[in-house]
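Asks: heads up, no residue letters with this:
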């Protein structure tokens, strides 16, 4: 297994104009790991994601993918390096069918052994195969979220980022999304997850990073987080 982190965030500082949000944030993700970013609203999770994908440039520090700095990279160049995001709100195209979404985003840039092709994605989300000829605006919220994940997988990413992937979904659909993430983990997909359902994340993720006012105040394994419920109350409001 590689000893080089797939994602390495070192000393990150970033913000919006005079408003600084991140203050020396450090964390990493090894290949094949599932890692979460946790914290209350306004603690810097979204800003961290924006910095990783190149939508926001850090004022100090570095983001690296497999050892390569992203500082001079545009968002599209970072995507081509193998970073895919499932954004909060899904953002499906209303005038494309499910099948057209998956065809339009399909790519295999990094010689992934077991590629995420259309049939493999349909295997994870049978509902998408049933609805493959429906337009994006004809899908339910849960189906749109499945499509957003499938669309990201079709790029065969090295790093998959899920930003509030279960937000606003019915409990039964949330469980289907968790099942999907467990399947992806078993397949060796490297994943960064931002979500509020800590009780489900401890059964899924390898490690967790808790943010407080733009810095990492705690990092540890699922077993450590599960055993210290005071952390949940102190930093997560659970």
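Replies: Noted; the coordinates are in hand. Source: prediction; values computed, not measured.
Asks: C-alpha from now on. contacts and neighbour counts both.
Replies: Fine.
Asks: Pull the residues that contact the helix ranked longest in the chain.
Replies: Using DSSP state H, we find that the single longest helix of the chain is helix 171-186. Contacts of helix 171-186 with the rest of the structure, by CA atoms under 8 Å, 6 or more residues apart in numbering, involve 32-34, 124-125, 142, 146, 165-166, 191, 200, 204.
Asks: contacting residues around stretch 153-169?
Replies: Identification of contacts with stretch 153-169 by CA under 8 Å, 6+ apart yields 6-7, 46, 81-88, 102-103, 105-110, 112, 115-118, 121, 141-142, 145, 152, 174, 177, 189-196.
Asks: Helices along the protein, start to end?
Replies: Going by DSSP H, the chain shows helices at 45-53, 75-80, 98-105, 118-124, 126-130, 141-153, 171-186, 198-201, 222-227, 229-231.
Asks: Find the one among the ones you listed with the highest mean neighbour count.
Replies: Mean neighbours per residue, mean count of other CA atoms under 10 Å, is largest over those for helix 141-153, with a mean of 24.
Asks: pLDDT value on the residue nearest the centre of the chain, please?
Replies: The centroid of the chain falls nearest to residue 161 when counting by CA atoms, centre = their mean (1.6 Å). pLDDT, residue 161: 97.
Asks: Now do the contacts for residue 24.
Replies: For residue 24, the contacting residues are 10-13, 61, 214-215, by CA under 8 Å, 6+ apart.
Asks: What count of nearby residues applies to the closest residue to residue 4 other than its chain neighbours?
Replies: Excluding the flanking residues, the one nearest residue 4 by CA to CA, 6 or more residues apart in numbering is residue 66, at 6.3 Å. For residue 66, the neighbour count with other CA atoms under 10 Å is 18.
Asks: which residues of the chain score low on pLDDT?
Replies: 1-2, 110-113, 238 (pLDDT under 70).
Asks: okay if I get the helices of the chain as JSON lines plus distance to residue 20?
Replies: Shown next, in JSON lines, are the helices of the chain (distance: least, CA to CA, whole Å):
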{"stretch": "helix 45-53", "distance to residue 20": "10"}
{"stretch": "helix 75-80", "distance to residue 20": "21"}
{"stretch": "helix 98-105", "distance to residue 20": "34"}
{"stretch": "helix 118-124", "distance to residue 20": "39"}
{"stretch": "helix 126-130", "distance to residue 20": "41"}
{"stretch": "helix 141-153", "distance to residue 20": "30"}
{"stretch": "helix 171-186", "distance to residue 20": "33"}
{"stretch": "helix 198-201", "distance to residue 20": "27"}
{"stretch": "helix 222-227", "distance to residue 20": "28"}
{"stretch": "helix 229-231", "distance to residue 20": "25"}
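Asks: Contacts only, for the residue nearest to residue 4.
Replies: 4-8.
Asks: buried subset of those residues?
Replies: By neighbour count, with 16 or more other CA atoms under 10 Å, the contacts of residue 66 hold 5-8 as buried.
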